[in-house]
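Engineer: just to be clear, the model below is a prediction. Sequence and coordinates:
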Protein chains: 4
Amino acid sequence: MPGNTFGELFRITTGGVSHGPGYAVIIDGCPPGMPLSVDDLLPDLRRRRPGQSKIVTQRQEEDMPEIWSGVFEGLTDGTPITILFRNTDQRSQDYRDIKDKYRPGHADFTFDAKYGLRDYRGGGRSSARETICRVAAGAVAKKFLARKGIRVLGYVKQVGDVVADIPHPAAVTLAQVEATPVRCPDAEAAARMIALIEEVRKDQDSIGGISELVAVGVPAGLGEPVFDKLKADLAKALLSLPAVTAFEYGAGFAVATARGSTNNDVFIRKDEHIGTLTNRHGGMLGGISSGEPIVCRVAVKPTSSLPRPQPTVTRDGEPTEIATRGRHDPCLLPRFVPMGEAMMALVLVDHWLRWRAQCGDTVIA
Amino acid sequence: MPGNTFGELFRITTGGVSHGPGYAVIIDGCPPGMPLSVDDLLPDLRRRRPGQSKIVTQRQEEDMPEIWSGVFEGLTDGTPITILFRNTDQRSQDYRDIKDKYRPGHADFTFDAKYGLRDYRGGGRSSARETICRVAAGAVAKKFLARKGIRVLGYVKQVGDVVADIPHPAAVTLAQVEATPVRCPDAEAAARMIALIEEVRKDQDSIGGISELVAVGVPAGLGEPVFDKLKADLAKALLSLPAVTAFEYGAGFAVATARGSTNNDVFIRKDEHIGTLTNRHGGMLGGISSGEPIVCRVAVKPTSSLPRPQPTVTRDGEPTEIATRGRHDPCLLPRFVPMGEAMMALVLVDHWLRWRAQCGDTVIA
Amino acid sequence: MPGNTFGELFRITTGGVSHGPGYAVIIDGCPPGMPLSVDDLLPDLRRRRPGQSKIVTQRQEEDMPEIWSGVFEGLTDGTPITILFRNTDQRSQDYRDIKDKYRPGHADFTFDAKYGLRDYRGGGRSSARETICRVAAGAVAKKFLARKGIRVLGYVKQVGDVVADIPHPAAVTLAQVEATPVRCPDAEAAARMIALIEEVRKDQDSIGGISELVAVGVPAGLGEPVFDKLKADLAKALLSLPAVTAFEYGAGFAVATARGSTNNDVFIRKDEHIGTLTNRHGGMLGGISSGEPIVCRVAVKPTSSLPRPQPTVTRDGEPTEIATRGRHDPCLLPRFVPMGEAMMALVLVDHWLRWRAQCGDTVIA
Amino acid sequence: MPGNTFGELFRITTGGVSHGPGYAVIIDGCPPGMPLSVDDLLPDLRRRRPGQSKIVTQRQEEDMPEIWSGVFEGLTDGTPITILFRNTDQRSQDYRDIKDKYRPGHADFTFDAKYGLRDYRGGGRSSARETICRVAAGAVAKKFLARKGIRVLGYVKQVGDVVADIPHPAAVTLAQVEATPVRCPDAEAAARMIALIEEVRKDQDSIGGISELVAVGVPAGLGEPVFDKLKADLAKALLSLPAVTAFEYGAGFAVATARGSTNNDVFIRKDEHIGTLTNRHGGMLGGISSGEPIVCRVAVKPTSSLPRPQPTVTRDGEPTEIATRGRHDPCLLPRFVPMGEAMMALVLVDHWLRWRAQCGDTVIA
């Protein structure tokens, strides 16, 4: 099946390109009776928006959602929620060079290889502007989760070699994250990250980083054994975002040097339920949520588009150079946070509904 | 939808538990006319089999596949390939303790939380024995890929702090991998890995590691933009395997400290086609294969089951201890390699068929 | 999964309601490189449009599609085709009564039962205006099929007790169908159908009928054995249209009184290929196309909305009356034809792509 | 996606051929905690079994199911239910002729056209023996439905020109259906049907018929608007069965001659809920269940295999004759009933689970 739909029971389908009239997202399967309005979408859209601070791209996009269906008299009505975004600040002329040259690190070449042609204006369908649809849908998902006592929050854990010290991921608050434009709740590290991003921008370069994502309040029992493990669906969801090159949860790659005797988390009784003393398992055992906070991390590569000239080839394979005149982020991490949260929220709602479908008669732990 | 099916066009569904009569896998969508027999399945099944060497579990499982349908007069006939495995060496008595105690690091607790009951014999549905189905299906997938010039190969990159030196992943051969029981093509590192695993086993403990997986010959153009990016589907496929806690491709987590100017791979002309000078992008750009080798890595945690006593709780939350009397692997990595290859192969066949469906009129690069 | 998506490889997702801002359809999986413009969509949209003749509803809807993505420089580019329709002539006041009364034959009651609330304006999501999305997508599908030598055509076979005489379904032409506003290629029957519809309208009533749908040029080999038989997918596609209450293909219900010796079609050689002497099997054997014309029929019930008062109950179960002040069709059949064609075309493209995915190496008969 | 899987949330996948070792069905998504054993499967399997009476085929198939997984200590455990059937009475020699000749009315030719080769032994994958898997899965589905107060029952409505008089479909009992080998609850008609079938058999011929299927106790609210209407999914489910050529629900094809004023069912209050005075809508409005009994009918063609010689062609197109030496049913209807019930039950469970997933917070009517 084609790849523009995500999710099974809470399912989004997106269409649109960066330099056409706009984008549409159809959210299917949202339970009825939930209050919803444009105001619920705006906060995360603003966290994603270009031009929100000096350390992100200075493109100005209005990003005002129009809800065309699925909400009636202020409540979701169970039918598909259709949301539109119109493109405004496009500056197509910025992208003339791309037509015949392959931008390093971008999908220009692979789109041509796959389809035989491509919309070369600003990346077309491969533009990260598509994530505006995901962030809007993620806001709907987060609202549903909140009603079930589940909160999803992300932040920037690392930019370049600046690593934040966040000993208690589940205790981080939205206010702490939003306190700095870089969305790192460790204020001291945030300052150094901002300085690094500034330096990189002046150098006409870009820098990568790591975002950590946390879900608290997830009941034990979400996720399917075997193929649709919760960890597997989170990995797919996050790797489906542009520029993400790696995913880990809990101890992640550090398990490579761990021994079983120290890596296993010990089960203990916690008040009325069973939990674990530590959380190296990142809230998932056997691919199913354990009731402990779900904690994962993803790596985001440095922006591929650079103002400085980079060697490349033309469609015909002739050597040439390209410098991106468009306005791009020197570091993708600050704007990535709401995107990562959105994908995590979409997966969690989907599995919550799948759990209710099959196990709705079970008393969840 | 329930989670026991994987893939869209080349789709496998598995059923069975470790201590029931056996397993069944139904492979749907295999193109007709391909020679196939049990002999095609045996090599990878043997690489996965317990008891194959002194550094893996000494359980003896016959693992002889029975093909019940889908092959007629030696050729696949386009209808579902049904393969069965009977369980033999079960030793149910080894698992008595598990009934009322939650094994650390296992899915016992989360299955109970989800379903309200569980088959406690040897992990039941959460047993890694289910991967026998995947390895058999993966062998079919690999055979199809080979006919299209695509080869999938994995190996052990790291065990504990022993890291292999493998400068050219695409040049590693199956013979090099199979030369040592630990499946590490760097002979010197392999020796140290084996020594480490022996040491860990004597210590009644277990150790984690990293496996690297490589696909060569993949044409540019496989993978879908947006949600079903090739990188996303590979991440899901590999995270769906038991004990996998992390995935990265190309530069992976190292992009966090990289700058765009050095992380981007430069496009160049290579004979008749376009490629890149380096392969930090791990063979995928915009989620679509670039024609360069696809390279990814996954972390596999140390076996959770340990012969030494570990603290835990009973179903009622009472503190207790558990020691696993079953025979388990001190290190999962050697047997993981064919499982990882299988999942990679399944994803590649699926995307190859999806490519042919939509873009079969395009001349692939 | 939610029910607003249709198809596997050529997949459409629709959103929108009759009295909101408009509708969106996202067509995913269309092969790249096919010329496409708004002009390709208009003919079928006009055949579906209200107000097109005196025997259909006199509502005036502009129904002008806006293509937001998926077409670049006049060619499909392989990415999702997003098409929007704005609602214009809504007259919301016509529907005040519906808020608290259940219209007989409509989905008002069942929507309330399912969702606990409903958009009562003009049927909301259950409005047949949603088929505008299907007809647009169907036009894209038909264009693709035409490039593969396949033509889909429907017409009105029966209205009330007026039955058309159409001895050679595969020989009917679009010009014959469009020659009369009732879309019946038997001119004499068409005249009587029109007179009957006029009579029914004057009587403030409505009348049902039967539409026959034909696909010619379908190669042998489309359709999947077992569950996704071509006949099964056609049945689902057509029953998913509003007001359709029955489906049959080939001899259909007449097989009940047939004997095997007369019902079986005899295989014969036809030039270079094998075909059948007769076509009681309606072009499908074992759920797979045989190469003979695919012929099926569906029954469409009389419009449920009537200008005359009908007894019903309120949401609280109190007896009341309702008369529909909106402008409705006295007979749905003339406007049904392009809807039926669209669904048939969508199924055929989907199976054509599925065939290419799995059997692209087979030489199709 | 390939066509050997059915359902979204209650999903079955089948593999196997008539003349291989046997069949496997994997039932995925069954809620946990439901008592289940082989004894629950046997009654419907016996109703489907060949040789059960003198008016069906005299093949003797044991049809004893083996449950390999998904049931633990007598309860479903939420993991896939794997059921196997071994083939026994195969008599391969009966089918020698089929290898090079195309049986009229069968899938021999279309399988060759699609796949380029086929398992010619007894129809291979196209054999109706595959329905054994569906009937077993249907028995599981029926058991789940019964726990929710829903009952599915089918019977034979017509054989040839013998039409049963069944004024109250919802009142028919299983005992009435099983009272005669032809499964027609109208005893007088049943006798004439049996006589007709005997006559046809003596004539080395076969005869078609109609089966009516009824579900009572279905709450209002099941089914999805737009594409996955309950009527659409029932149509697909039933048309996916071999030999079914037509489907209708409620008034069905009779709506063609009906007027809206008489076809609409009037809403009335019934005790505590809202229902309709009549049930021409067959229990579904807008594709969603109304709470009234769901009533549908399907036509089943006369058995294509005949003992008498029929003209046909060889694979090379040469004219020849074929007479089926296998033992076949002179009328498929008696054995069809449990197959039809199974498909209806599978659809209802699936939609019940889908309803609970999305609308579990809604109070169902």
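Structural biologist: Looks like it arrived, so ask away.
Engineer: what ranges do the helices span in chain A?
Structural biologist: Along chain A, counting by DSSP state H, helices occupy A:38-48, A:108-115, A:131-147, A:174-178, A:187-202, A:230-239, A:260-263, A:333-359.
Engineer: make JSON lines from these and add mean pLDDT to it.
Structural biologist: Output for these, formatted as JSON lines (pLDDT from 0 to 100):
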{"stretch": "helix A:38-48", "mean pLDDT": "97"}
{"stretch": "helix A:108-115", "mean pLDDT": "96"}
{"stretch": "helix A:131-147", "mean pLDDT": "98"}
{"stretch": "helix A:174-178", "mean pLDDT": "98"}
{"stretch": "helix A:187-202", "mean pLDDT": "97"}
{"stretch": "helix A:230-239", "mean pLDDT": "98"}
{"stretch": "helix A:260-263", "mean pLDDT": "96"}
{"stretch": "helix A:333-359", "mean pLDDT": "98"}
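Engineer: how about these, which one is nearest residue A:124?
Structural biologist: helix A:108-115 (7.3 Å; Cβ to Cβ). (C-beta placed from N, C-alpha, C; glycine too.)
Engineer: to residue C:277, which of the helices of chain A lies closest?
Structural biologist: Ranking these by proximity to residue C:277 (Cβ to Cβ) places helix A:108-115 first, at 44.0 Å.
Engineer: just the C-alphas of that closest one, formatted as PDB.
Structural biologist: Extracted in PDB, the C-alpha atoms of helix A:108-115 (Å, rounded to 0.1, in the frame of the first residue of the first chain):
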ATOM      1  CA  ASP A 108      16.000  14.800  -5.100                       C
ATOM      2  CA  PHE A 109      18.000  12.000  -6.600                       C
ATOM      3  CA  THR A 110      16.000   9.100  -5.000                       C
ATOM      4  CA  PHE A 111      12.700  10.700  -6.100                       C
ATOM      5  CA  ASP A 112      13.900  10.900  -9.600                       C
ATOM      6  CA  ALA A 113      15.100   7.300  -9.500                       C
ATOM      7  CA  LYS A 114      11.800   6.100  -8.100                       C
ATOM      8  CA  TYR A 115       9.300   8.100 -10.000                       C
END
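Engineer: residue A:163 against residue A:157, yeah?
Structural biologist: Yes: applying Cβ atoms under 8 Å, one finds residue A:163 in contact with residue A:157, separated by 7.0 Å.
Engineer: among those two, which residue is more densely surrounded?
Structural biologist: residue A:157 (25 against 18; other Cβ atoms under 10 Å in any protein chain shown).
Engineer: ok, now which ones touch the residue of chain A positioned farthest from its centre?
Structural biologist: Of all residues in chain A, residue A:318 sits farthest from the chain's C-alpha centroid, using Cα atoms, centre = their mean; the distance is 36.0 Å. Contacts for residue A:318 (Cβ atoms under 8 Å, 6 or more residues apart in numbering or on different chains) come out as residue B:269.
Engineer: do that again at 6 Å, thanks
Structural biologist: Contact partners of residue A:318, counting by Cβ atoms under 6 Å, 6 or more residues apart in numbering or on different chains, are absent.
Engineer: how close does it get to chain C?
Structural biologist: 22 Å (Cβ to the nearest Cβ, to the nearest Å).
Engineer: mind pulling up the pLDDT for that residue?
Structural biologist: The model reports residue A:318 with a pLDDT of 95.
Engineer: how much space separates it from residue A:177?
Structural biologist: Note on residue A:318: its distance to residue A:177, by Cβ to Cβ, to the nearest Å, is 46 Å.
Engineer: could you report the neighbour count for the nearest residue to residue A:264 once chain neighbours are set aside?
Structural biologist: Nearest non-adjacent residue to residue A:264, counting by Cβ to Cβ, 6 or more residues apart in numbering or on different chains: residue B:104, 3.8 Å away. Applying other Cβ under 10 Å, we find 27 residues neighbouring residue B:104.
Engineer: surely residue B:104 and residue B:308 touch.
Structural biologist: No: checked against Cβ atoms under 6 Å, the pair residue B:104 and residue B:308 is beyond contact range at 11.4 Å.
Engineer: check the closest residue to residue A:123 other than its chain neighbours and give its pLDDT.
Structural biologist: Nearest residue to residue A:123, sequence neighbours excluded (Cβ to Cβ, 6+ apart): residue A:18, at 5.8 Å. Predicted confidence (pLDDT) for residue A:18: 92.
Engineer: just residue A:92 next, same as before
Structural biologist: As predicted, residue A:92 sits at a pLDDT of 55.
Engineer: try residue A:304
Structural biologist: Reported pLDDT for residue A:304: 96.
Engineer: then residue A:60?
Structural biologist: 70.
Engineer: hang on, it packs against residue A:87?
Structural biologist: No: here residue A:60 lies out of contact with residue A:87, judged by Cβ under 6 Å, at a distance of 11.8 Å.
Engineer: the more surrounded of the two?
Structural biologist: The neighbour comparison of residue A:60 against residue A:87 (other Cβ under 10 Å) goes to residue A:87, with 20 against 12.
Engineer: so the more buried one sits against residue A:24, correct?
Structural biologist: No: the pair residue A:87 / residue A:24 is not scored as a contact, 11.7 Å apart, by Cβ under 6 Å.
Engineer: any idea of the mean pLDDT in stretch A:279-294?
Structural biologist: Per-residue scores along stretch A:279-294 average to 98.
Engineer: does any bit of it sit next to chain B?
Structural biologist: Yes: using Cβ under 6 Å from any Cβ of the partner chain, we find that stretch A:279-294 touches chain B at A:285, A:286, A:288, A:290.
Engineer: enumerate the residues of the stretch 101-250 of chain A near chain B.
Structural biologist: A:102, A:104-105, A:107, A:110, A:113-114, A:116, A:125-126, A:158, A:160-161, A:205-210, A:220-221, A:224-229, A:231-232, A:235-236, A:239-240, A:245-248.
Engineer: out of the residues you listed, which are inside strands?
Structural biologist: A:158, A:209, A:210, A:245, A:246, A:247, A:248 (DSSP state E).
Engineer: which of these are buried, as a PyMOL select command?
Structural biologist: Per 16 or more other Cβ atoms under 10 Å in any protein chain shown, the buried members of those correspond to this PyMOL selection:
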select buried, chain A and resi 158+209+210+245+246+247+248
